[in-house]
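Trainee: Sharing a sequence plus its predicted fold:
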Amino acid sequence: MSAIPAAALSVDQLSIRFGGVTAVESMTFDIQEGELLSLIGPNGAGKTSAFNAITGYLPAAAGDIVYRGARLNGLKPSRIAALGVVRTFQKTSVFAGRSVFDNILIGLHLQSRQHPLAIILGLPSIAREERRLVEKAKEVLHFVGIESRKDELASSLAYGELRLLEVAVALAAGPTLLLLDEPVAGMNAVETAGFMETIARIRARGVTVLLVEHDMKMVMRISDRVICLNQGRIIANGPPAEIQRHPDVIRAYLGERRARVEG
Amino acid sequence: MRRLAIAAFLTFLFSIPLWVGNLYVLHVLIITGIFTIAAMSLNLLLGYTGQLSLGHVAFFGIGAYVSSLVSLGFAVHLTPDWLVTLDPQPVWLAMLWAIAISGFCGWAIGRISFKVRGAYFVIVTISFAEVVRLVALNWDELTQGPMALNNIPPLTFSIPGLFEFAFIGKVPNYYLVLVTAIIAYIVIARLVYSRAGRAMIALRENEPLATSVGIEVTRYLVLSAVVSAAIAGMAGALYAQYVQIVDPNIFLFIYTVTMVIMVVVGGKGTLAGPIVGGLIFGLLPEALRSLNIGPELQWVAYGVLMIVIVSILPSGIVPAVGRWWSDRRRAAAKPARPTDAGARQAAR
């Protein structure tokens, strides 16, 4: 699975430490342009830590993270987002006190270029751009299918819609690589199915996706490739069918469940 | 409806000097207006970015001192044999300097303290105000110290030989303050309803999420500090040219507290909040004074009223009224499901 030139994101020998504890140890993997790669592994395997390091929320103790030729190590999250790498959060995270529509407008931050002086002077270019942003926001809401909720307060949304709003906010930022941290956790089967369809449509726009998820059915169905982590190390890396049969994976992760179910 | 209400309110404000002949009332209104402008500037920081500046009066005082010094001129020894002198400049230029220097101080404070924020920002702003007060008090050669700067000239517009107008007296100053307040309101409103304002609100609501969509934290916090400080400086400059005397007491902590009360009681994070709060707490002491009670009781009443308002309406008067209004409209429109219409309004 080593990279033919177009690796979008390449993570090389990444290590993450919290004090003396090593969360991630010498992790190396690539994502191809347009690919959907899933990170799986038991709780505490280092999935979210890897996510946080890639998106600038945690410092890497060692190793390189390169996206489309730009080194991400040490960059601020906002800068990484400007390079097209946008994430969602494991714990539901929206601008709760604002309307759904305002949430999207905030997400569109990178799609506008208003200079503070122009704003204060009220130049006509500002009004033009605001109209363009409003159109774009409507488009994003339509894309994820929550436009009927546009004037609701974000905190008043049902859980499934809330998670869609999170993705919509991330999409508004215009990602070329979207990192989703357990997006369907807590969703029911119908909502999950709907969400998978949304991911398919996001990919159809040419967006590369890195997914962290515990819902194995979903992971195995939508991933091009799966990486399994255990205790901070990659123990398997391959297409879903191969991962499901991989002895280390079964032992580390699926095995526990199978044993529980069968025993 | 909204436009009509604004137009009616502005007409009312513009008409006041036509039917209020009492100069003392106009004086109170002018001072109230100046502090309302300062409260509006504080609201940009406290209400929209959530950062509490407890030294906001520093920017106000710096504006007052800079505009006074530039319009009076000064000669000051920076070293025993390095004398810096400035001849008196026109007052409008002095006021522009006041805005620029206050804004610059806001930038500097923002750069220093927004890396850490929260409690540190509060401490840095308090310390800054205290340091500036001590400088004003002790740098006699520049500021006259406790002797105060006197005879500050009023704002004058003139085309030599053709036209001259000086803002002397209550009525011209009333209009000057009113127009400045409107300009400050427009500047803040434009900022708040723009990409920059949304970025500030996003940082207040959920900073990790805000940065994940590319919002640069420091940049927008510093921007709000600069604009906020510049407007506060403008208010200070207006104050100086109106009362025509500035002493170091202008930096007293109580003025910052007054501004914070105006913002919090009126409703922080709303455009109308500081105006409502400013009018109430600017006029209240005078209203209490007109009652026939002792000065101690006046302040007790002031305090009690403030506590009552804050405990009944914790998010402030303007959000509460907005909530009440939208509930009423919703109830009138249709007996719909009871959603959080009020809470949404509160967030506006």
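Mentor: Structure's in. What do you need?

Trainee: from here on, contacts and neighbour counts on C-alpha atoms
Mentor: OK.

Trainee: Just to check, B:Phe74 is in contact with B:Gln89?
Mentor: No. Using CA atoms under 8 Å, B:Phe74 is not in contact with B:Gln89; the gap is 10.4 Å.

Trainee: so where do the strands sit in chain B?
Mentor: B:74-79, B:82-86, B:156-159, B:163-166 (DSSP state E).

Trainee: and chain A, which of the ones you listed is closest to it?
Mentor: strand B:156-159 (23.0 Å; CA to the nearest CA).

Trainee: Would you mind listing where the chain has pLDDT under the threshold?
Mentor: By default, I'm working from chain A. A:1-6, A:253-263 (pLDDT under 70).

Trainee: wrong one, I was asking about chain B
Mentor: B:334-348.

Trainee: State which one residue of it is found closest to chain A.
Mentor: B:Gly214 (3.8 Å).

Trainee: which residue packs closest to A:Met220, ignoring adjacent ones?
Mentor: Sequence neighbours aside, A:Pro240 is the residue nearest to A:Met220 in space, at 5.2 Å (criterion: CA to CA, 6 or more residues apart in numbering or on different chains).

Trainee: isn't that neighbour right up against A:Met216?
Mentor: No. The pair A:Pro240 / A:Met216 is not scored as a contact, 9.9 Å apart, by CA under 8 Å.

Trainee: where exactly do the strands run in the stretch 101-250 of chain A?
Mentor: Using DSSP state E, counting those that start in this stretch, the strands found in the stretch 101-250 of chain A span residues A:177-181, A:208-212, A:225-230, A:233-238.

Trainee: what's the last one packed up against?
Mentor: When contacts are defined as 3 or more CA pairs under 8 Å, 6 or more residues apart in numbering or on different chains; DSSP states H and E, strand A:233-238 packs onto strand A:21-32, strand A:225-230, helix A:247-249.

Trainee: Quick one: list the elements packing against the last one.
Mentor: Read it as helix A:247-249. For helix A:247-249, the packing partners by 3+ CA pairs under 8 Å, 6+ apart come out as strand A:233-238.

Trainee: Close to chain A: what parts of the stretch 151-300 of chain B are there?
Mentor: B:187-188, B:190-191, B:194-196, B:198-199, B:202, B:205-206, B:209-216 (CA under 8 Å from any CA of the partner chain).

Trainee: Please list the members of the residues you listed that lie in helices.
Mentor: Among those, the members found in helices (DSSP state H) are B:187-188, B:190-191, B:195-196, B:198-199, B:202, B:205, B:209-212.

Trainee: List the contacts of the helix or strand containing A:Ile65.
Mentor: Using DSSP states H and E, A:Ile65 sits in strand A:62-67. Where contact means CA atoms under 8 Å, 6 or more residues apart in numbering or on different chains, the residues beyond strand A:62-67 that reach it are A:8-16, A:26, A:54, A:71-73.

Trainee: Repeat that for stretch A:201-209.
Mentor: Here stretch A:201-209 has contacts from A:32-37, A:175-180, using CA under 8 Å, 6+ apart.

Trainee: Endpoints of that stretch, how far apart?
Mentor: Distance between the two ends of stretch A:201-209: 12 Å, counting by CA to CA, to the nearest Å.

Trainee: again with stretch A:53-72
Mentor: 9 Å.

Trainee: Tell me how far it lies from the chain's centre.
Mentor: Stretch A:53-72 sits 15 Å away from the centroid of its parent chain (CA atoms, centre = their mean, to the nearest Å).

Trainee: Next: stretch B:64-75.
Mentor: On CA atoms, centre = their mean, the centre of stretch B:64-75 falls 21 Å from the chain's centre.

Trainee: what residues are up against residue 166?
Mentor: No chain was given, so I picked chain A. For A:Glu166, the contact set (CA under 8 Å, 6+ apart) comprises A:88, A:92-94.

Trainee: wrong chain, I was asking about chain B
Mentor: Counted by CA under 8 Å, 6+ apart, B:Ala166 has contacts B:154-157.

Trainee: quick revisit: format the strands of the stretch 101-250 of chain A as TSV; extra columns: distance to A:Glu152 and mean neighbour count.
Mentor: Listed next are those as TSV, based on distance: least, CA to CA, whole Å; neighbours: other CA atoms under 10 Å in any protein chain shown:
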stretch	distance to A:Glu152	mean neighbour count
strand A:177-181	24	25
strand A:208-212	28	24
strand A:225-230	37	23
strand A:233-238	42	18
